[in-house]
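1. give me coordinates for this.
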Amino acid sequence: MEKFFPHHRHPDYHMTGHELHLRTINTTGRNGMLSAYMSTTWMVIATLCTGVGAEAAPPGPAKEQEPWLTAARQVVEPLIEEEIMAISIGLIDNDRKLSLHFGKLSRTSTTIPNDDTIYEIGSITKTFTALLLADLVVRQELRLEEDIIQYLPEGEPVPMCADHPVRWVDLATHTSGLPRLPGNLLIKDPLNPYKGYTVEMLEKAVADHARLSNLRRGLYSLGRTQAPEYHYSNFGFGLLGHLLAKHTGKSYEQLLIERITEPLAMHDTRVTLTAEQQSRLAPGHNADLDPVPGWEMDAMVGTGGVRSTIRDMLRYAEANLRSQPTPLDGAVTLTHQPRVPFPNGKVGLGWHISEGIWHNGMTGGYASFLWLEPDEHRAVVVLANAASPYVDAVGLALKDCLRGRPPRPVPRRPVYHVPPAVLDSYVGQYQLLLSRLVISRDQRSLRARLGNQPALRIYPASDREFFYKMVDARITFDCDECGNVKGLTLHQNGLKLYFTRRP
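-> Prediction:
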């Protein structure tokens with residue numbers, strides 16, 4: 001299961017900072033520029049200070065909690081101030097429940113997170129959206145196999161999934177054929193990519209996709225149909241959240257509160273925070289532990305717009321484990337049913353099912369992880385205020401601890417020491433056609449800024465090779481035999497792009 005987690009960061013990258021993702025390389029187009037955009041995938045970091053909180057349910061004797069605390073410290077403490085800022089952990093093992101907190105809320109803060117600290121949960125929101133759908137189905141207000149045509153604007157083309165119009169179940173299992181992101185999502189602010197994305201834009205993106213995909217179908221299908229396949233889609237869940245709201249005549253948040261968070265006493269799980277809740281929101285950080293703003297998901301709220309605490313997420317985990325009867329038991333059971341294959345497992349409604357039931361999440365400044373093992377009545381919840389893949393590694397290590405295995409150290413990429421004079425020699429401007437990459441330096445590291453994108457930190461793996469933490473990319477500096485820097489190569493997505501140093 002572990003090796004598949006990074007593929008679902010979005011936002012998710014998912015949500016998903018964002019990827020430095022080279023969408024197109026156009027050397028003959030309108031301006032010949034190297035086009036780059038931010039998709040959704042960030043990372044996380046933290047500072048050490050350990051606080052432990054336990055919520056009665058019952059928490060169990062201190063001696064029973066000690067192995068959990070020891071294991072969590074072994075896994076988390078090496079990451080604090082290196083890969084993660086503040087992190088809250090929730091563990092359930094049968095009738096034992098515990099919350100643990102590490103780090104500080106920011107580099108300048110002395111505040112330790114606690115059970116009431118609020119985090120963005122990113123793509124774990126999708127499981128809430130799927131649960132809303134399942135609840136409507138259980139109440140016989142909708143049918144999973146019903147198509148969504150009546151909820152789309154009249155006169156627009158209908159998106160197809162294999163040989164049928166897209167249905168509710170297709171949206172909830174990532175098999176609708178909708179791409180990862182809407183085609184008309186033009187990111188004006190990379191630090192808040194969904195802000196300003198309206199319902200009208202969402203519905204237009206659906207129509208545009210249907211028009212194009214139906215044209216392709218007519219040109220290339222030759223009368224053949226293809227079974228629906230799993231393709232992770234923030235777009236699909238954004239649309240699902242919108243259509244559920246449209247069907248009920250309520251906002252997504254009203255539906256969330258009425259059907260899930262109030263029945264489960266999750267009073268701090270919201271899209272929009274009150275002033276008091278805002279004061280408890282942990283400030284977000286990117287993979288370099290630089291402060292970043294939160295995300296406003298607007299019309300895409302159903303894909304990643306929920307915020308919560310470790311206290312509430314433990315209650316959510318308990319509801320999914322069916323610890324006590326709740327009004328959502330039937331809907332929970334429906335979401336956990338395996339439906340569609342995906343690599344090394346299957347997909348339920350909103351959930352991935354592989355060695356357990358799980359989902360993770362990531363926004364620009366936060367990361368999250370939720371793993372359930374209903375048969376053994378176990379769960380792990382991890383919330384962090386930095387966008388780091390190490391949050392997944394922490395969750396997976398603690399999952400093994402609950403299974404009685406010793407904690408695994410989280411592997412990290414070592415950072416090589418480069419003499420300051422060598423770092424200074426790399427500072428400058430580099431050019432590829434009309435695209436410019438600027439290397440600058442601060443007290444901590446080098447930064448690389450491609451075009452108008454934010455400057456991202458790069459870390460040395462050797463004297464000449466540097467890697468990004470926020471994206472899967474690296475830079476190699478090209479020097480002559482005298483040590484003079486001639487240029488650099490940007491490695492990403494299998495491409496090697498050479499930028500020549502400008503005088």
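2. tell me where the chain has helices.
-> 62-76, 125-138, 168-172, 199-220, 234-248, 252-256, 275-278, 301-304, 310-321, 329-335, 390-402, 420-426 (DSSP state H).
3. just name the most buried of those.
-> Most buried of these, by mean neighbour count (mean count of other C-beta atoms under 10 Å): helix 301-304, with a mean of 31. In short, each C-beta sits where N, CA and C put it, glycine included.
4. so which elements touch that helix?
-> With contacts taken as 3 or more C-beta pairs under 8 Å, 6 or more residues apart in numbering; DSSP states H and E, helix 301-304 sits against helix 125-138, helix 234-248, helix 252-256.
5. of these, which approaches Thr476 most closely?
-> Nearest to Thr476, of all these, is helix 234-248, at 32.2 Å by C-beta to C-beta.
6. re the thing from before, how about a markdown table for the helices and strands packed on helix 301-304, with distance to Met266 and mean pLDDT added?
-> Output for these, formatted as a markdown table (distance: least, C-beta to C-beta, whole Å; pLDDT from 0 to 100):
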| stretch | distance to Met266 | mean pLDDT |
| --- | --- | --- |
| helix 125-138 | 10 | 98 |
| helix 234-248 | 18 | 98 |
| helix 252-256 | 9 | 98 |
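7. how about those, which one is nearest Gly330?
-> Going by C-beta to C-beta, the one of the helices and strands packed on helix 301-304 nearest Gly330 is helix 125-138, 4.3 Å.
8. what about that closest one, distance to the chain center?
-> Its chain's C-alpha centre and that of helix 125-138 lie 19 Å apart, by C-alpha atoms, centre = their mean, to the nearest Å.
9. send the alpha carbons of that helix over as CSV?
-> Output in CSV follows, covering the C-alpha atoms of helix 125-138 (Å, rounded to 0.1, in the frame of the first residue of the first chain):
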residue,chain,number,x,y,z
THR,A,125,-12.7,15.8,2.3
LYS,A,126,-13.6,13.4,-0.5
THR,A,127,-14.6,10.8,2.0
PHE,A,128,-17.1,13.2,3.6
THR,A,129,-18.5,14.1,0.1
ALA,A,130,-18.9,10.4,-0.6
LEU,A,131,-20.5,9.8,2.7
LEU,A,132,-23.0,12.6,2.0
LEU,A,133,-23.9,10.8,-1.3
ALA,A,134,-24.2,7.4,0.5
ASP,A,135,-26.5,9.0,3.1
LEU,A,136,-28.8,10.3,0.4
VAL,A,137,-28.8,6.8,-1.2
VAL,A,138,-29.6,5.1,2.2
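10. counting by contacts, list what that helix packs against.
-> helix 168-172, helix 234-248, helix 252-256, helix 301-304, helix 329-335, strand 357-362.
11. that older thread, please tabulate the helices of the chain in JSON lines, including the columns distance to Met362.
-> Converted to JSON lines, these look like this (distance: least, C-beta to C-beta, whole Å):
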{"stretch": "helix 62-76", "distance to Met362": "18"}
{"stretch": "helix 125-138", "distance to Met362": "11"}
{"stretch": "helix 168-172", "distance to Met362": "20"}
{"stretch": "helix 199-220", "distance to Met362": "21"}
{"stretch": "helix 234-248", "distance to Met362": "11"}
{"stretch": "helix 252-256", "distance to Met362": "20"}
{"stretch": "helix 275-278", "distance to Met362": "21"}
{"stretch": "helix 301-304", "distance to Met362": "9"}
{"stretch": "helix 310-321", "distance to Met362": "15"}
{"stretch": "helix 329-335", "distance to Met362": "21"}
{"stretch": "helix 390-402", "distance to Met362": "8"}
{"stretch": "helix 420-426", "distance to Met362": "30"}
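12. which of these has the lowest average pLDDT?
-> Ranked by mean pLDDT, these bottom out at helix 62-76, with a mean of 78.
13. tell me which other helices or strands that helix touches.
-> strand 86-93, strand 96-103, helix 390-402.
14. out of the helices and strands packed on helix 301-304, which gets nearest to Val382?
-> helix 125-138 (14.8 Å).
15. pull up the distance across stretch 408-428, start to finish.
-> 41 Å (C-alpha to C-alpha, to the nearest Å).
16. need the contact partners of that stretch.
-> 74-75, 78-79, 82-83, 390, 393-394, 396-397, 400, 438-441, 446, 459-463, 467, 477, 483, 485, 488, 501-502 (C-beta atoms under 8 Å, 6 or more residues apart in numbering).
17. in strands only, show me these.
-> Within the contacts of stretch 408-428, residues falling in strands by DSSP state E are Val438, Ile439, Ser440, Arg441, Leu446, Tyr459, Pro460, Phe467, Phe477, Val485, Leu488, Arg501.
18. quick check: the first one touching Leu456?
-> No. Applying C-beta atoms under 8 Å as the test, Val438 and Leu456 come out as separate, 11.2 Å apart.
19. neighbour count: the two, which is higher?
-> It is Leu456, of Val438 and Leu456, that has more neighbours when counted by other C-beta atoms under 10 Å, with 22 against 15.
20. what domains does the record give for this protein?
-> As assigned by automatic domain parsing, the chain contains the domains 122-381, 420-501.
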